[in-house]
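>>> Below are the sequence and a predicted model; questions follow.
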Amino acid sequence: MAEIKIEKKKPVWPWIAVLLVIGGIIYYIYFVDHETPTESSTEIENTTSAQ
């Protein structure tokens, strides 16, 4: 008789976890607002007097 080798299925959940982590990193890099106050966004009061 012929011998049939049966291989166990490899788990899929580690790949799903890796994809979720990579997706979270991409979301954080591209979609989270990283706005920091800069000099161009601060208001400057005009202190010169017009004569």
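Everything's here; your move.
>>> count of neighbours near Ala17?
10 (other C-beta atoms under 10 Å). All C-beta atoms are positioned from the backbone trio N, CA, C, and that covers glycine.
>>> which element is it on?
Taking DSSP states H and E as the definition, Ala17 sits inside helix 13-31.
>>> For that helix, buried residues please.
Within helix 13-31, no residue is scored as buried using 16 or more other C-beta atoms under 10 Å.
>>> Kindly export it (C-alpha atoms) in CSV.
What follows is helix 13-31, C-alpha atoms only, in CSV (Å, rounded to 0.1, in the frame of the first residue of the first chain):
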residue,chain,number,x,y,z
TRP,A,13,-3.2,33.7,13.8
PRO,A,14,0.5,34.8,14.0
TRP,A,15,0.2,36.2,10.5
ILE,A,16,-3.1,38.0,11.4
ALA,A,17,-1.4,39.5,14.5
VAL,A,18,1.5,40.7,12.4
LEU,A,19,-0.8,42.3,9.8
LEU,A,20,-2.8,44.0,12.6
VAL,A,21,0.4,45.4,14.1
ILE,A,22,1.7,46.7,10.8
GLY,A,23,-1.7,48.2,10.0
GLY,A,24,-1.7,50.0,13.4
ILE,A,25,1.7,51.4,12.7
ILE,A,26,0.7,52.7,9.3
TYR,A,27,-2.5,54.2,10.7
TYR,A,28,-0.5,55.9,13.5
ILE,A,29,2.1,57.3,11.0
TYR,A,30,-0.3,58.6,8.4
PHE,A,31,-3.6,59.4,10.0
